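Engineer: Predicted coordinates and the sequence they were generated for:
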Amino acid sequence: MHPAFSVVFFTTATGAGYGLLSLLGVLAGQGFIPPDFWLGLTGMGLALGLISAGLLSSAGHLGRPERAWRSFSQWRSSWLSREGVASVATFIPAGLFGIGWVVLGRTSGWVAVAGLLAAIGAVATVCTTGMIYASLKPIAQWHSRFTLPGYLIFSAMTGCVLLNALLQGFAVGSNTLLAAALLLTVLGWGWKLATWRYNDRLEIPTTANTATGLAGGTVRSMEWPHTEENYLLKEMGFRIARKHSVRLRQITQVLAFALPALLLVAAFALPWPYAAVSSMLAAIAQLAGMLVERWLFFAEAKHTVTLYYGR
Amino acid sequence: MTCLPAQTDKKLGLVIDLDTCVGCQACVTACKEWNTGGHMAPLTDIDPYGGDADGVWFNRVHSYEHMTEMGGRTVNFPRSCLHCETPACVTVCPTGASYKRASDGIVLVDEDKCIGCKLCSWACPYGAREFDTDVGVMKKCTLCVDRIYNDNLAEEDRVPACVAACPTSARHFGDLGDPASAISQLVAERGGVDLMPEMGYKPTNKYLPPRAHTTRAASVPAPALEAVRAEGGFLGWVDRMLSN
Amino acid sequence: MTNNLLRGANSAPSQRPLADTRAPAERDGVDTSPDVSDSIAKTTCYMCACRCGIDVHIKDGKVRYINGNKDHPVNRGVLCGKGSAGIMQHYSPARLTKPLLRTGLRGSGEFREIEWEEALSLATERLSNIRQTDPKKLAFFTGRDQSQSLTGWWASQFGTPNFAAHGGFCSVNMAAGGLYTIGGSFWEFGEPDWDNTKYFMLFGVAEDHDSNPIKIGLGKLKARGAKVVSINPCRTGYNAIADDWIGIRPGTDGLFVFALIHELLKAGRVDLDYLLRYTNAHILVIQEPGAADDGLFMRDGDGNPLAWDRVAKTPVDAGDTDAKPALTGSVLVDGRRCVPVFQLVADRYLDECYSPDAVADRCGISADTIRRIAAELAHVAFERQIELPVAWTDWAGRRHETIKGRPVSMHAMRGISAHSNGFHTCRAIHLLQVLLGTVDVPGGFRFKPPYPRSAPPGPKPAGKNVKPMTPLEGMPLGFVCGPEDLQIDEGSRPVRIDKAYSWDAPLAAHGLMHTVIRNAWAGDPYKIDTLFMYMSNMAWNSSMNTVETMAMLTDIDAEGEYKIPFIIYSDAYYSETVPFADLVLPDTTYLERHDCISLLDRPISHADGPGDAIRHPVVEPDRDVRPFQTVLIELGARLGLPGFVDDDGSAKYRDYADYIVNHERTPGVGPLAGWRGKDGTLVGKGDVNPDQLQRYIDNGGFWHQDFAADQRYYKMANRSYLDFAESMGFIPKAEPIVFQLYSEPMQRFRLAARGHGRVLPPEAERSRIETYMDPLPFWYAPFEETAVDSQAYPLHALTQRPMHMYHSWGSQNAWLRQITSQNRLFVHHRTAASLGLVDNDWVWIESINGKVKGQIKLVDGVNADTVWTWNAIGKRRGSWGLKDDAAESSRGFLLNHIIGDQTSADASGKRYSNSDPVTGQAAWFDLRVRIVKCAAEEAGFTEPQFERFRQPPHFEPSPDKLTFGAEFRREREAARP
């Protein structure tokens, strides 16, 4: 699949944004994070900023963005529509929670409820995003039991690492949160490794034989219907060389998991402000690493239409 | 709208005879020609005279080499929308632009509702949908919905453009939901198959496999020739034959 | 069968409309009955030589859509990939827009626009000078011309013998091989009996002439489950759907056919009755080595060939239907040793050198396969005969209660034709058909009227007495029957610039267009003044040895003048040849013109009846262009050519349409056969009907007449058909056509080579004539194969035109070029592996003539000793309205660059045209190559590269985007309530 930057950025940014939002909604709403205007403003700004930037980026991916409103209508069948509904719906409790927590400085009562609802909305939105990919049968690497948990884990991981960086930045970090960020990073790493392992061993029942209905033996493409690349090949025929894939997986592991984990471990040991710097570096490295991960998520996904082209 | 009809009154579709298709591309350009001025007009061509020519087409013909223990065969393979019974391209559509008609089962795109998210093309395993970057919407085969019922065409011309053009008669059109229809009987007789049945999309269109190297192949059970046994060999045989 | 639903080729129940075509109540707002067109004009396609009937739907003055005409005898409603892309041909950005006069160097593409008056005056002045001095200094060659009865006649009236079209490059071996054997040919002039054949053999055919009829026919065979056997090195297109694909080594089809004949003869599986009735098998051939008539037919005092009555033991008139002719033996007649033709046939092909075991390796086909095919042929021909319950009467008045047929049919084309042994191979295939008794019988190969004609047909080429201001005595092209008919002067020098009908190519029935540029450049046999060409891409894909050809077109002599002094070229598009012209006459597209597809030329007849057709303008030109034929007629009038002016010197015809209606070649016979006579009631012969074109238009653009049931088969001997053919002027007299297994005209050339007769070949030519003018077909290795070191050049290299571009000048077509804008060299997996090549490698393809670079694609369906590519995809930068980055000029390659236009020098140092020695057919399939992986830095782009052509003045750059059809939708939607 073509790793369009708009979609790579969208899923990475909203993943992190919704992760952060849900953590803020739960933790601040339950009073684990003290109401502080600047902390709240920065936290909510970061979460909603990532979400909004991501959504805008995804709208930029549309051929007719001015009609984007139409995508709220088909929630009964379409995960993309559900994502649209969920993402917009989440803005309501998130906004209320923001007003309550940041502006009014409250964390109890309706603010806590709004925080919880925002968290639920965020998780639901991430689920819908994951399901968009997980439901696509023609792409075996996506249509797997790894995809939805992956989206949730990465959202939680990037959200938690961000939150940790935020709290450390405001010198209100906690070892518990640090430990959670570290654990989630390790979990994410493990999940990614497992996903890759699964994908690398995937035996896809759909072959050139079933694609053409020609049973038995081998089916080799002799000539395409066109000699230059068309929409199908540009959009779904993307191929990544094995050696590039290996290299990018290494970069992913270092940037998204290994380096953040090291920096988070370091943050345990380091005094403020070094712990804060280390935590922020961890978040930055992880987001960069997740962009690479997401790029690979697309680049390594093989659509069945490529079978028709002998790819 | 993107919820699928529980069932359709008819299952209109195509049957493509891979045993007969010579790969002439007639269906390809006939489709392009009709449809570029038809329901989904235009089928835009980007850089049509340059190095990155890329146009929208609803029907494409590949060629393959199929090698089995019985031998090899070149197979020309037209690929277009299969108008599936359970098409995910419809259900994934967030706007209701993609829909399956309850009357005849044709899968269409309502361009006015399409936001160009391209998800339907990702959901289609067959590559049946092509994006028009100029208009920003997805386009696809309409089964010539603007021909098959068209009062402005002579009745005999109310078939999809690809079927009308096909010089070898490798393309067939009809109601695959009616087991008594000529097209359904053809599928039964020739062992028509679904593409990627494992996807579970239940394609309406069927493909008739090539017959060479199979029990369906045309064959001539000819005994080996033996030299004439007449005296004088062949020339003696000629003389004898002439004097009979 | 008159049910309206059954019209057209696609009329199986599963291809018809729905039983109820009323739109369902869907309420999705889809307009299921949009208005399609304001009008439908029925005319004739010109995207290739097939000439299908088309319905052009016009909306708001623009072409909305083109579909096949269901009533048309050629295509019966279907249309191919080219025809359906006709819109893009018509609206091509490569269309010329105004007459051009060269201003820069020849070949640069620098022109200035001029008015038609200036263009015609320039041409008239030049041609008039030639006509007044030496008319043969005009060489007029017209490419893929569909108006040869006009262009040839024009040349004849001008007085130059130097006329031909594209046939010598294309398929004269098929034409001549057939016409000299059965009086008809494959090509588009005959067809298998698609409705009845049970076993079909296809030799060397990719997409070809008669393309839609062949496809329709193959569809019928497939529907009926008849067996299709293809003999072709490449398993593509029609060959892909064969039940049996025989991947023969190129140039060995003749051997394969002889091996089949060998097996059939040995097993006694030949139709003796058919041979006796319809062939010269029983005619006695004089066997007297050294005699002046050795090998000629034994004739009686009146010149009638004799046979030997095996009962009466006496010579008899071979045409005597009561005789009992012998087919074998050796007899003395008037003291002269004679044997029947059939004895010679048996002697030759029963020889073990033609046994399956002897030819298997050379053909790359196992002996068992050959034996199996022979057995299948015999089985179908003799055990599965068919009989149509129709009574008919033969030429001798014998009534037959049924029409019997042996349902084996064959078709052959370019794979046979484009080899230097193609003429004999073509004859071999006809011989095989005749031995099986399958020519023009139910289930066999059938003639399309006006064929069959006598073998060979009557008119001989004219042109030996070229005189200023004097027309030729006949048409420049015809059929020779012996050395005295050759177009050579007293010194044995060719009369024609292309050396057709010289000792180099005695039976060159279509001329040798491919030799004209070299010969004109070399002044051999003489210098010319003006080369006048029409729609033939001679500076690119219609020449062999392209690089040198371009150099010859621009070469200058010691005085600094071009060696070919003046070139006039007419084309509708900016092809690679236009920049080499001094004067360019822009033609119209096929939708803007009149044409006639005439029985005098290459008709669109069906085996079940004759037909012809017209084109008529369905849209107005939006450029300052004129139909070439109209321009030619005006030039004829300005030059005062007889036939083109009235007695008072005024133009006889206003334009081509006027000519089509009013021209009479012989009294009552004009370009069109339908609706003749003042009231339009006559066919074939009749007075001029001023309303004739309208009658054609009213009938859908064509005229077609179905034969009566008893006229459809055995046309070579069918009394009712022969009478009809005479009445139509197809044949001079209603006499039977006798198939010539043994060709007496060819033996006459052999005798000349042995020193007999008035016209003798020069000493140096004698062994060549002796060898190749064999009266019985034989096989020899293609010339290039024997001339080059086959170790150094181990592979055969072939080209085929893709089906969607055949004859279509398709790379300018926005739709067709998207399908193929780069060609690959297809190489067998095994061959590639042995050369260390992998898929997609870039390689040099090297022949003795040069090298060209391209990218390979590995396949399984090709003869392992053969590589091939799609032809004429490679284009020169700056032509055809393509942009500079088009794949056609960066990655597409043209194999023609490395095909020699001459043979290697023989012992005497002479180089012949790279052609068949009998007919002069260009032998471009003889090519031998090797392929070598190119260096890494050389990969990714083709070579050789040529300088980009400049664009003509005011040439609009091609658009970056096409949204054709959007306007129809806008208007439709605007009109909706």
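Structural biologist: Nice, I can see it. Residues are numbered from 1 along each chain as shown, chains lettered A, B, ... in the order given.

Engineer: where does the spatially closest residue to residue C:583 that is not a sequence neighbour land on pLDDT?
Structural biologist: Setting aside the residues directly before and after it, residue C:583 is nearest to residue C:568 in space (CB to CB, 6 or more residues apart in numbering or on different chains), at 4.7 Å. Bear in mind the C-beta positions are built from the backbone N, C-alpha and C, glycine included. pLDDT for residue C:568: 98.

Engineer: pLDDT below threshold where in chain B?
Structural biologist: Scanning chain B for pLDDT under 70 picks out the ranges B:1.

Engineer: oh, I was asking about the stretch 51-200 of chain A
Structural biologist: Within the stretch 51-200 of chain A, no stretch has pLDDT under 70.

Engineer: Single out the residue in it that lies closest to chain B.
Structural biologist: Taking CB to the nearest CB, chain B has its nearest neighbour within the stretch 51-200 of chain A at residue A:63, 2.0 Å off.

Engineer: Run through the residues that contact the closest residue to chain A within chain B.
Structural biologist: Among the residues of chain B, residue B:116 lies closest to chain A, at 2.0 Å counting by CB to the nearest CB. Shown in contact with residue B:116 (CB atoms under 8 Å, 6 or more residues apart in numbering or on different chains): A:62-64, B:131, B:136-138.

Engineer: same deal with residue C:659?
Structural biologist: Contacts for residue C:659 were tallied using CB under 8 Å, 6+ apart; they are C:150, C:629, C:633, C:653, C:671.

Engineer: immediately after the helix or strand hosting it, which helix or strand?
Structural biologist: Assigning secondary structure by DSSP states H and E places residue C:659 in helix C:656-662. Sequence-wise, the next helix or strand downstream of helix C:656-662 (DSSP H and E) is helix C:692-698.

Engineer: Pull out the buried residues from that following helix.
Structural biologist: C:692-693, C:695-697 (16 or more other CB atoms under 10 Å in any protein chain shown).

Engineer: For that helix, output the C-alpha coordinates as PDB.
Structural biologist: Taking Å, rounded to 0.1, in the frame of the first residue of the first chain, the C-alpha atoms of helix C:692-698 are listed here in PDB:
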ATOM      1  CA  GLN C 692     -25.500   5.900 -55.800                       C
ATOM      2  CA  LEU C 693     -23.700   7.300 -52.800                       C
ATOM      3  CA  GLN C 694     -27.000   8.200 -51.100                       C
ATOM      4  CA  ARG C 695     -28.200   4.700 -51.700                       C
ATOM      5  CA  TYR C 696     -25.100   3.400 -50.000                       C
ATOM      6  CA  ILE C 697     -25.600   5.900 -47.100                       C
ATOM      7  CA  ASP C 698     -29.200   4.800 -46.800                       C
END
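
Engineer: hmm, who's touching it?
Structural biologist: C:42, C:594, C:613-614, C:616, C:657, C:660-661, C:672, C:674-676, C:680, C:689, C:702-703.

Engineer: cool, stretch A:243-259 as well?
Structural biologist: With CB under 8 Å, 6+ apart as the criterion, stretch A:243-259 contacts A:185-186, A:188-189, A:192, A:196, A:240, A:282, A:285-286, A:288-290, A:292-293, A:295-296, A:299-300.

Engineer: Among the residues you listed, which are located in helices?
Structural biologist: The members of the contacts of stretch A:243-259 that map onto helices under DSSP state H are A:185-186, A:188-189, A:192, A:196, A:282, A:285-286, A:288-290, A:292-293, A:295-296, A:299.

Engineer: Specify the beta-bridge partners of the residue lying closest to residue C:412 once chain neighbours are set aside.
Structural biologist: Distances taken as CB to CB, 6+ apart put residue C:203 closest to residue C:412, at 3.7 Å, once the chain neighbours are dropped. Residue C:203 has the following beta-bridge partners by DSSP bridges: residue C:231, residue C:412.

Engineer: ok, residue C:203 to residue A:256 distance?
Structural biologist: Residue C:203 sits 64 Å away from residue A:256, going by CB to CB, to the nearest Å.

Engineer: cool, and residue C:408?
Structural biologist: Taking CB to CB, one finds residue C:408 at 72 Å from residue A:256.

Engineer: Next: residue C:97.
Structural biologist: 61 Å.
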